[in-house]
Structures are given as structure tokens and as C-alpha cells.
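Student: Turn this into a model:
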Amino acid sequence: MDADSADAAAFAAVRGAVVRHLAAHPAFAATAVPPAYPEVFRPWLALVPRIGYALEHLLAADELFGVDRPAAVRAALEEVAARPPAGTWGDTHRLAPWRALPPTTPYDEPGLSGDHDCVLCTSPVPGLTDLAARGPAARYVWDLARREDSRWVVPFGASGVPGSPHHRDQQPLWRAGDLVPVVTDWDRLHRETGARPAND
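Tutor: Sure thing, here's the model as predicted:
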């Protein structure tokens, strides 16, 4: 799903509404109780995310506990038609990385292409949020015959230190699904000098 696509935004809005309509059905009432596990696991164990990630299979199943799935889809379409999304998929499908500490510099995280179950798996939680906290942490393509033809990319940059010039320098490439050369030739590598940013 392209970040600049209004159709993708409309599809995501309908999908989210279908998930919420199914989750509200009395057939799922027993599973709507929050799980007895730490909050960190809720994105995977709570009812709405579980329905969101299994939506394709739930809609295609022969039977679903008596749930009228066409009625849920129809209600979702009517809901979104009454209040359609105003922008594109990238307006709501933005990178939302988990951070152990709040950033010292505010970042305007970019809009993303992709969805779950695709190569650029930048996954929202359908029915809950379009923000993407999950995605490929790194991509590597190794050429075993010619190491210099190997490629890699990470979501932010080669440095994990905020303020470093390499803290976010690979992000545009990662978002586009591009890769950069893996350089292991000592004659092509050089030490960077200068003040290192404080690591608070």
C-alpha cells in the first residue's frame, strides 16, 4: 500500500471498521476481557488486534460462530462512507518506534508505504491504529561469492546514538526498500573524528 495512496487510506479505514464491528459482536464477548498478562503483550493478545491480524481468515472461514460477516462489512462501509478519510495512507500510517527513553530531539516520523504481510512489512494494528510500531529491523542481502556486492539497511542509521550524523541517515533508503553496500574493505573504511554526542 503506497504512502501517497488515497485508496489505501480508504481500504485501511474500512478494514479497521470491519475489525471493530466484528470485535463488538456478542460471540466474542468472552474474549474481550483483557488478558491476564503484562500490558506489553496486549497488542498481540487483546481481542481487536487478534481479529485485525486474522481478518482475512475470519472473513473467509466457512462459519464464524453465527456472526453475520456481510452485515459487519456493510456497516463498516457505511460508517467510512459517512466519514471518509481526508488524506492518504501515509498521513495515518506513520512510523511509531518504541523508545526506552524519550528522544532529546522531537522527530516528525515519516509516513510509510507497506502493510502487514508484505515485503515492506510496516505493520499497523487494524481496528486500533494505523501507526506502525512493527517493521523490518534490518534487511541484509549477502553475496557469498563477492562480499563487496552485499547490501544492507536499517530503519534509522548505523549509529544508535542520538545526535550522531549516522543516527537516522539510512531511514529514507529503508522506507523506499533500498539497500546500501556493505563495506568491509579496510582500504575503503575511515575513522570519523570529532566530538561524539553525549549518550545520556
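Student: Every contact and neighbour count from this point should use C-alpha atoms.
Tutor: Fine.
Student: need the helix or strand of this protein with the lowest average pLDDT.
Tutor: helix 42-45 (a mean of 79; mean pLDDT, DSSP states H and E).
Student: Could you identify the helix or strand that succeeds that one?
Tutor: Heading C-terminal from helix 42-45, the first helix or strand you meet, by DSSP states H and E, is helix 47-60.
Student: Just the buried positions in that next one, please.
Tutor: 47, 48, 49, 50, 51, 52, 53, 55, 59 (16 or more other C-alpha atoms under 10 Å).
Student: Identify all contacting residues around the strand of greatest length in the chain.
Tutor: Taking DSSP state E as the criterion, the chain has its longest strand at strand 129-134. For strand 129-134, contacts defined as C-alpha atoms under 8 Å, 6 or more residues apart in numbering pick out 12, 92-98, 121-125.
Student: and if we set it to 7 Å?
Tutor: 92, 93, 94, 95, 96, 97, 98, 122, 123, 124 (C-alpha atoms under 7 Å, 6 or more residues apart in numbering).
Student: Which positions within the longest helix along the chain qualify as buried?
Tutor: Taking DSSP state H as the assignment, the helix of the chain that covers the most residues is helix 6-23. By 16+ other C-alpha under 10 Å, the buried positions in helix 6-23 come out as 6, 8-23.
Student: returning to what we had before: check the contacts of strand 129-134 and tell me the two furthest apart.
Tutor: Farthest pair in the contacts of strand 129-134 (C-alpha to C-alpha) is 92 and 98. Separation: 17.1 Å.
Student: Show me which of these two is the more surrounded one.
Tutor: residue 92 (20 against 10; other C-alpha atoms under 10 Å).
Student: Can you name the next helix or strand after the longest strand of the chain?
Tutor: Sequence order places strand 139-141 as the next helix or strand after strand 129-134, per DSSP H and E.
Student: thinking again about what came up before, now the angle from the longest helix of the chain to strand 129-134?
Tutor: Helix 6-23 runs at 100 degrees relative to strand 129-134, counting by axes from the mean of the first three to the mean of the last three C-alpha atoms, to 10 degrees.
Student: Quick check: phi and psi at residue 80.
Tutor: Backbone torsions of residue 80, given as degrees, to the nearest 10, read phi -70, psi -40.
Student: Thanks a lot, catch you later.
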